[in-house]
Every structure is written in structure tokens, then in C-alpha cells.
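Peer 1: based on what follows, work out the 3D shape:
(one chain, ligands or ions: 3)
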Amino acid sequence: MAKSPPSLATTSSNPLPAGHPPVKIGRIGVLIVNLGTPQSTDYWSMRRYLKEFLSDQRVIELNPLVWKLILNLFILPFRPQKSARAYRAIWNRECDESPLLTLSRAQGEGLAKALDDDRLVVAWAMRYGHPSIGEKLTQLQDQGCDRIVTLALYPQYSATTTASVHDQLFRELMKRRWQPAIRTIPPYYDHPAYIAALAASVRRHIAEQGWQPDMLLASFHGIPKAYFDKGDPYHCHCQKTGRLLREALDLDETNFQVTFQSRFGPKEWLEPYTDERLKALPAKGMKKVLVVAPGFASDCVETLEELAIEGRDIFMAFGGEHFSCVPCLNDHPDHIEMLETLVRNEISGWL
Ligand SMILES: C=CC1=C(C)c2cc3[nH]c(cc4nc(cc5[nH]c(cc1n2)c(C)c5CCC(=O)O)C(CCC(=O)O)=C4C)c(C)c3C=C
Ligand SMILES: [Fe+2]
Ligand SMILES: [Fe+2]
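Peer 2: Numbering: from 1, shown residues only. Ligands and ions are numbered 1, 2, ... in the order given. Purely as a prediction, here's the structure:
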């Protein structure tokens, strides 16, 4: 049942100097944020996206001047073509957009419907590219939100992702005279509703495909090992999600493993690497493999291409027989309900 905003101060109840724009207050903005994705798969769109992403010092912790040189000389002339091939293989041709964009919109709409309250305004944004955090912040304030709760759609905290979203949010706030009050939702890697939604998605997928896997790999995006050594809690969060999911599915270490994918650059990243594990499993008699990607709130190039296409090719080339990927939680009702629970819990003190 939709409720009215508690107080909406307008020019009639709150006289303002002549020419001052009307002031609306009293609503709560709910801003969900994912990583971002290219607008198109042409060279310049890919390059723009990669440049913004890879210029973030939370993502690449090298000396900024040295990295700028490497990025411009050795990465941006080549990487856009390589990435574009991957994106073309999974592009949503019906809407002519990246799947991550389609799914983020669906999540925003699903959450707005689930919350169904006139005091709340739901928006979705991307850390890199569009729709940006700044654009959405302006829209929320224009709609009378003087309190904003943000939810970075990364269940496991990492400085490379969650902190980067928060950095950008506060960078945007630095430009504003009248800042809203802010709450940021904590990482939810061990939330019972998240684990239950993941476990249900695995069980559903096994029932649909009709074969029992010899091994379930829980593949998370990697980060450089050096970041973990310096104290990033991401690895621990992934391990805890993995253990809770394994327990929820009643599996043990012989048929469930946590692995890390998406290595970028020559340095060491978190191990074990997903592709190396996929190569090794058939020789150990594990020829039926299922992969779930609990760290990704939405299917994206990393799950649809790197796991479902490249991962399958690798596994089959090394003697695998059955391979399948569990879809991410996306806009499934279990996921929307879990996001709704996180938001309601965080804003309960504001209502
Ligand atoms: C040093 C580089 C990278 C770090 C560190 C990193 C961390 C990280 N990323 C995600 C989630 C996603 N990454 C995605 C794509 C992607 N990631 C990197 C590099 C790093 N990521 C690149 C260069 C790309 C682009 C694709 C490519 O060229 O390979 C995506 C998908 C976006 C999409 O459009 O579909 C997601 C999601 C996490 C969770 C994470 C650290 C925990
Ligand atoms: Fe990434
Ligand atoms: Fe990748």
C-alpha cells in the first residue's frame, strides 16, 4: 500500500526569496549502483569505458603517472578490440545494449515495485559511464529526497568496487551546497536471504538441466593478490559466501570449490584461477561441472562470455562432458525481495 511523503515543504508553506526555485524535501532516495558497461561495442565506446574504469586509482594502485603512460601506450590501443569481441558475443541485440544495462534497469524497476511507497524514490546508476551516480543524485534531490540510501551491488566488499562507488558518491556530494543525509548499505556476503537465494538458484538450475554435477565451482571475480596482502577483506568475504553456500547445498570440499576469474595483467591474482581448475577437473574424473558466480549481482560479460562461452570451451577441450552456468540472481523475485529487505532494514530509523 503506497504511503504519502511525511512532509513536503514547498514555497507556499515555506516562503523563499523571489526567484528562488521551489524546495521539496521529505523523501528518501534509494540508489542501487553496479559497475558500468560500454554504450556500444565500437572501438571508441569500448575505449571510453575502459579508460574511465582503468583510470580509477581504486582499481589500479600503481603510481598514477606511470600507469597513465602504460594505459595510453600499451592498453588502450589494443584492449578495446579484445573486449569488444567478448561484448559482441553476448550483446542484447533486441535493445541494442549490454546485458548488464538491461538487468540493472529490471532490478531498479523490480525494487521500486517491491518497495511501493510514495516516500521512497528508487534509482539505479553505474559507477562508470551512464547513468552516472551524479545524474541520479541530481534527479533524486529534484524529486525531494533529502535522505539517500545507497546499495553497491557487490555482495563481497572490495576497495576496488564498493569503496570506489562510495568515493564517487562523496565526490559528487562535494559539488553540492545542500547535501542529503547518506547511508551506505554494508556488504551482504553472509546475509541469510542472499545465501538462500543463491542456493535456490543452484537447485532450480540442476532440476532444469536434468544432470547432477560432479563439481560445483563458485567463481568470483579476482583482484590482485597484493591488494589482499594489504588488507582488502574481499577474499575472506568470498570464502565465507562459499562456505555458507556449500553448507546450504549440503555439499563438501570434494564437490564444491571457490575459484577466481577475470585476471587482468601479468601480476599474481587471487587463486585458484577458474580457468586452471576447469582444465584440471576432467583428468580427475570430474566431467560434469556446474559453475555459479555468487559475486555478480547480474549476468554480464564476465559470466555470459568468460564463464559460459570461454569457460565451456576450455572445459570441453580438456575432456569435460557436461558444463553449465547458473544464471546470476538478476531480477529474480528472490533477489528483489532480498534487496528490499536490505533497504528496509537500513532505512527503518528514517521512517
Ligand atoms: C585491474 C583490473 C580490474 C579489477 C581489480 C577488477 C575488479 C572487479 N571487477 C568486478 C566486476 C566486474 N568487472 C567487469 C569487467 C571488467 N573488469 C575489468 C578489470 C578489473 N576488474 C575489466 C578490464 C573489465 C571489462 C571487460 C574486459 O575487458 O575484460 C564486469 C562486467 C561489466 C560488463 O559490462 O558486463 C563486472 C561486473 C568485481 C566484482 C571486482 C572486484 C571484486
Ligand atoms: Fe572487473
Ligand atoms: Fe573477463
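
Peer 1: give me the contact list for stretch 57-70.
Peer 2: Outside stretch 57-70, the residues that touch it by Cβ atoms under 8 Å, 6 or more residues apart in numbering are 53, 54, 55, 71, 159, 160, 163, 164, 167, 224, 226, 227. C-betas here are computed from N, CA, C, even on glycine.

Peer 1: by neighbours, which of the residues you listed wins?
Peer 2: In terms of neighbour count, residue 164 stands highest of these at 22 neighbours, by other Cβ atoms under 10 Å.

Peer 1: I'd say that residue and residue 55 touch.
Peer 2: No. Residue 164 is beyond contact range of residue 55, at 11.4 Å (criterion: Cβ atoms under 8 Å).

Peer 1: okay, and the common contacts of those two?
Peer 2: Counting by Cβ under 8 Å, 6+ apart, no residue touches both residue 164 and residue 55.

Peer 1: got the contact list for the residue in the stretch 151-300 of the chain positioned nearest to ligand 1?
Peer 2: The minimum distance from the stretch 151-300 of the chain to ligand 1, using Cβ to the nearest ligand atom, falls at residue 300 (3.0 Å). Under the criterion of Cβ under 8 Å, 6+ apart, the neighbours of residue 300 are 35, 37, 98, 99, 100, 103, 328.

Peer 1: how many other residues sit next to the fifth one?
Peer 2: Under the neighbour criterion other Cβ under 10 Å, residue 100 is assigned a count of 26.

Peer 1: before we move on, what about the second one?
Peer 2: For residue 37, the tally of surrounding residues (other Cβ under 10 Å) stands at 23.

Peer 1: does it touch residue 102 like I think?
Peer 2: No. Here residue 37 lies out of contact with residue 102, judged by Cβ under 8 Å, at a distance of 9.8 Å.

Peer 1: how about the residues of the stretch 251-351 of the chain by ligand 1?
Peer 2: Contact residues, the stretch 251-351 of the chain versus ligand 1 (Cβ under 6 Å from any ligand atom): 262, 264, 295, 296, 300, 301, 302.

Peer 1: among these, which are in strands?
Peer 2: The strands, defined by DSSP state E, take in nothing from those.

Peer 1: narrow those residues to those that are buried.
Peer 2: Buried members of these, counted by 16 or more other Cβ atoms under 10 Å: 262, 295, 296, 300, 301, 302.

Peer 1: now do the phi/psi pair for the first one.
Peer 2: This points to residue 262. Backbone geometry at residue 262, expressed as degrees, to the nearest 10, gives phi 60, psi 40.

Peer 1: do you know the pLDDT at it?
Peer 2: We have a pLDDT of 96 for residue 262.

Peer 1: can you pull the contacts of it?
Peer 2: By Cβ under 8 Å, 6+ apart, the contact list for residue 262 reads 221, 222, 302, 306.

Peer 1: counting neighbours, which of these comes out on top?
Peer 2: Note: the member of the contacts of residue 262 with the most neighbours is residue 221, at 27 neighbours, neighbours being other Cβ under 10 Å.

Peer 1: that one against residue 301, yeah?
Peer 2: No. Residue 221 sits out of contact with residue 301 when judged by Cβ under 8 Å, with a separation of 11.2 Å.

Peer 1: circling back to that earlier point, among the contacts of stretch 57-70, name the ones in helices.
Peer 2: 53, 54, 164, 167, 226, 227 (DSSP state H).
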